[in-house]
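Visitor: just a sequence and a predicted model for now, questions to come.
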Amino acid sequence: MQTAHARPMYTGYPAVRPIGHHPGGGMPGFCSGCGHPRASCCCGCRECRKEAKELLVEATTTRTKASQDPTLANAVKQMSLLSSFADPTAEPASANQLLSPVALREGQIGLGSAFIGGGCCVHLSVEYTPIGTADGTVGLIVKDSNDTELMWIKKAAAGLGYQIKEGVVTTKPGASLSVLVVGAIARVRWCEVFSCC
């Protein structure tokens with residue numbers, strides 16, 4: 001014999017408005033709960049709203065121009081170093097390495113950055129697609145307010161088409177985001193939550 005489990009449900013009574021007249025209660029510009037002007041409301045009632053953010057990065061710079069830009073050159077160097085850990089058995093010039101010298105020489109490069117704000121944790125998702133006939137690479141570097149760096153890197157094989165990966169990195173407000181693409185286009189999306197009185 002099976003027993004049915006009761007679902008939890010609220011059995012209380014709805015909140016009752018206090019009896020009495022609040023100065024300004026029900027008037028425009030006044031809180032209907034406590035009767036104070038909206039700017040002086042003491043109910044502690046807060047509303048949250050989400051704001052969608054995105055960063056689009058396209059590979060439009062050549063390797064020669066990238067070497068002249070210190071920020072881009074540093075991002076490429078950092079990504080190259082970290083991508084070698086993804087496949088420690090690969091030789092430096094191997095096609096199996098995520099960010100090989102061959103890919104850097106033949107592919108266009110792009111770099112974008114953004115500041116992540118809001119009031120609580122943020123989950124990053126990325127959409128990407130390779131361009132041209134060579135393999136591409138997409139990399140995200142997130143540095144939070146505690147100087148912790150997180151990185152996500154992915155090889156975008158030629159002919160793969162449009163891809164989406166959700167929740168690739170989770171961080172908190174105050175973090176800086178850098179996106180590097182080689183022979184690819186990428187868009188990073190996230191939502192920032194704000195508390196409004």
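Guide: Perfect, thanks for sending it.

Visitor: any idea of the mean pLDDT for stretch 112-122?
Guide: When pLDDT is averaged over stretch 112-122, the result is 90.

Visitor: what's the end-to-end length of that stretch?
Guide: By Cα to Cα, to the nearest Å, the extent of stretch 112-122 from end to end equals 18 Å.

Visitor: where along the chain do the strands fall?
Guide: Using DSSP state E, the strands of the chain run over 47-58, 109-116, 122-130, 136-143, 149-156, 163-171, 175-182, 184-196.

Visitor: of all those strands, which lies closest to residue 70?
Guide: strand 109-116 (11.3 Å; Cβ to Cβ). Yep, even glycine has a C-beta here, placed from its N, CA and C like the rest.

Visitor: angle of the closest one against strand 163-171?
Guide: 40 degrees (axes from the mean of the first three to the mean of the last three Cα atoms, to 10 degrees).

Visitor: quick revisit: got the strands of the chain as CSV, with mean neighbour count columns?
Guide: Converted to CSV, the strands of the chain look like this (neighbours: other Cβ atoms under 10 Å):
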stretch, mean neighbour count
strand 47-58, 13
strand 109-116, 18
strand 122-130, 20
strand 136-143, 24
strand 149-156, 18
strand 163-171, 15
strand 175-182, 23
strand 184-196, 18
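
Visitor: could the ones you listed be laid out in TSV, adding distance to residue 69?
Guide: Formatted as TSV, the strands of the chain follow (distance: least, Cβ to Cβ, whole Å):
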stretch	distance to residue 69
strand 47-58	14
strand 109-116	8
strand 122-130	22
strand 136-143	16
strand 149-156	20
strand 163-171	24
strand 175-182	12
strand 184-196	18
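
Visitor: how about the contacts made by the closest residue to residue 57 other than its chain neighbours?
Guide: Spatial nearest neighbour of residue 57, chain neighbours left out: residue 112 (3.8 Å); criterion: Cβ to Cβ, 6 or more residues apart in numbering. Residue 112 is in contact with 55, 56, 57, 178, 179, counting by Cβ atoms under 8 Å, 6 or more residues apart in numbering.

Visitor: distance between the ends of stretch 130-148?
Guide: Stretch 130-148 has an end-to-end distance of 29 Å (criterion: Cα to Cα).

Visitor: now do that stretch, average pLDDT.
Guide: On average, stretch 130-148 scores 88.

Visitor: lowest-confidence helix or strand of this structure?
Guide: Taking mean pLDDT, DSSP states H and E as the measure, the chain has helix 101-106 as its least confident helix or strand, at a mean of 58.

Visitor: ignoring the adjacent residues along the chain, who's closest to residue 115?
Guide: Residue 115 sits nearest to residue 176 (Cβ to Cβ, 6+ apart), 5.9 Å away.

Visitor: so who does that neighbour touch?
Guide: With Cβ under 8 Å, 6+ apart, residue 176 has these contacts: 113, 114, 115, 116, 142, 143.
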